[in-house]
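1. Need a 3D model of the sequence below.
(chains A and B)
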Amino acid sequence: MKVTQENIGRYLPQKHPFIMVDSLVDATETGFESQFTVRTDNIFLEDDTLMEPSLIENIAQTCGAGFGFLQSHGAGEPRLGFIGAITKLMVHKLPRLHDLIETKVSIVYSMENIFVAKGENFCNGERLLECEMKIVLN
Amino acid sequence: MSLNGFFEIKSLTAEAEKLTVTILLNADHPIYAAHFPGNPITPGVVEIELVKKVLERHLGCTIRLMSISRCNFLKILNPVETPEVTLNITAIPAVEQLKVTAAAQHNESTFYKLTAVYQQ
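-> Numbering: from 1, shown residues only, chains lettered A, B, ... in the order given. Below you'll find the predicted structure:
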């Protein structure tokens, strides 16, 4: 575990209710892993199903927390990051209330403050959503 | 439901497969206080969701996102500076599917463009 739920807010500029990752499990130069539990207060929960905006944001924030961990180890203000583009997105399955989402991101390309990441969310080993994402860090 | 109170539809016109929807963003919604504090910016994932919500409102039924081949976020959408946005949507029905392209615009600015497939 690299960053626990208690400390994840130090690595992300977003605040509740727009934090869509609980903890950072791993972070290396080539990729990140995170965990996120579907709770009743998630703003993208509809009829106990978590909708895809939360899963996409979860991939983006896994990147944000990962870059924050590698670059500053939580010191200073978290950098703002923006999604520049999303491609190759496929929705396979949506998670339900109380499910544990495990997310894996690999960095495909990076140049200065621009990154291309491939992200996938899983629940019980089943793939939920996958996409590629261009992220621009301020 | 997600995005309750986030936006309202000011006008909606539909002509064959083309839909033109002008929406008003609510800068006081809690999402803007969280993304980001003191610096309200419409989250990209919410911009994508707005297209779905507007389509659902027009169709009168729920739809499911299946895939996005591309979504480009071209310009930051701040609800204080730009409370009104027009979604220009083309929705082409296929077998149990809806092939959608959408662009969010105001005056000369384009904020994002989406190409996606939904299940009806």
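2. Burial check on A:K118, number of neighbours?
-> Other residues within reach of A:K118, judged by other CB atoms under 10 Å in any protein chain shown, total 18. Placement of C-beta: from N, CA and C, glycine included.
3. Could I get the phi/psi values of it?
-> Phi and psi for A:K118, reported as degrees, to the nearest 10, are phi -110, psi 120.
4. Contact partners for it?
-> A:V105, A:S106, A:V108, A:E130, A:C131, A:E132, A:M133 (CB atoms under 8 Å, 6 or more residues apart in numbering or on different chains).
5. What distance do you get for it to chain B?
-> 14 Å (CB to the nearest CB, to the nearest Å).
6. So which bits of chain A are right by chain B?
-> By CB under 8 Å from any CB of the partner chain, the residues of chain A that approach chain B are A:13-19, A:43-46, A:51-54, A:56-57, A:60, A:80, A:82-91, A:131.
7. can we see that at 6 Å?
-> Contact residues, chain A versus chain B (CB under 6 Å from any CB of the partner chain): A:13-15, A:17-18, A:43-44, A:46, A:51-53, A:56-57, A:83-87, A:89-91.
8. quick one, what contacts the spatially most distant residue from the centre of chain A?
-> Ranked by distance from the centre of chain A (CA atoms, centre = their mean), the top residue is A:D47, with 22.7 Å. Contact criterion CB atoms under 6 Å, 6 or more residues apart in numbering or on different chains gives no residues in contact with A:D47.
9. Would you map the strands across the chain?
-> Going with chain A. Per DSSP state E, chain A carries strands over the ranges A:23-27, A:31-37, A:45-46, A:49-50, A:81-91, A:100-111, A:114-123, A:126-137.
10. actually it's chain B I care about, not the one you picked
-> All strands of chain B, identified by DSSP E, fall at B:7-15, B:18-25, B:64-73, B:84-94, B:97-106, B:109-119.
11. now these as CSV including mean neighbour count, distance to A:I101 and mean pLDDT?
-> Formatted as CSV, the strands of chain B follow (neighbours: other CB atoms under 10 Å in any protein chain shown; distance: least, CB to CB, whole Å; pLDDT from 0 to 100):
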stretch, mean neighbour count, distance to A:I101, mean pLDDT
strand B:7-15, 12, 27, 97
strand B:18-25, 18, 28, 98
strand B:64-73, 19, 17, 98
strand B:84-94, 16, 29, 97
strand B:97-106, 19, 26, 98
strand B:109-119, 18, 22, 98
